[in-house]
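1. for reference, the sequence and a predicted model appear below.
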Amino acid sequence: MLPRCVTILNTHIKTIKTWQRSIKQAMYHLLIVLVFAESYFTSYLSNESLQTFIKHLLRLVNESELIKHIKRIPINPETLLIDAALQVF
């Protein structure tokens, strides 16, 4: 599961600055699934997939295009996406 998620993120992370609402929502849902599958990651603790995944999460939470749209109440896709990325940690 984790390698497939990393592959999806690899494909889309390069275009993060131009993500539209639909891709933000899709990435949010992908991350939420991973939050609920947290115990699954223990088999990947020293795996390259996990390292790449963490790099992608850090890129998400540091992306200026997302940060400038953060709201106090998580109602927009940018806030939800960053919140989901932080929940994975």
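-> Structure's in. What do you need? Numbering: from 1, shown residues only.
2. now the biggest helix by length in the chain, how far from the chain's geometric center?
-> For the chain, the helix that runs over the most residues, judged by DSSP state H, is helix 21-36. Put simply, helix 21-36 sits 7 Å off its chain's centre (CA atoms, centre = their mean, to the nearest Å).
3. okay, the helix or strand hosting Lys55 in CSV with CA atoms only?
-> Element membership for Lys55 (DSSP states H and E) is helix 48-61. This file holds the C-alpha atoms of helix 48-61, laid out as CSV (Å, rounded to 0.1, in the frame of the first residue of the first chain):
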residue,chain,number,x,y,z
GLU,A,48,13.1,3.8,0.9
SER,A,49,9.4,4.1,0.3
LEU,A,50,8.9,5.5,3.7
GLN,A,51,11.8,7.9,3.4
THR,A,52,10.4,9.2,0.1
PHE,A,53,6.9,9.4,1.6
ILE,A,54,8.2,11.5,4.5
LYS,A,55,9.9,13.9,2.0
HIS,A,56,6.6,14.3,0.1
LEU,A,57,4.8,15.1,3.4
LEU,A,58,7.4,17.7,4.3
ARG,A,59,7.0,19.2,0.9
LEU,A,60,3.2,19.4,1.3
VAL,A,61,3.4,21.1,4.7
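4. thanks again, I'm all set now.
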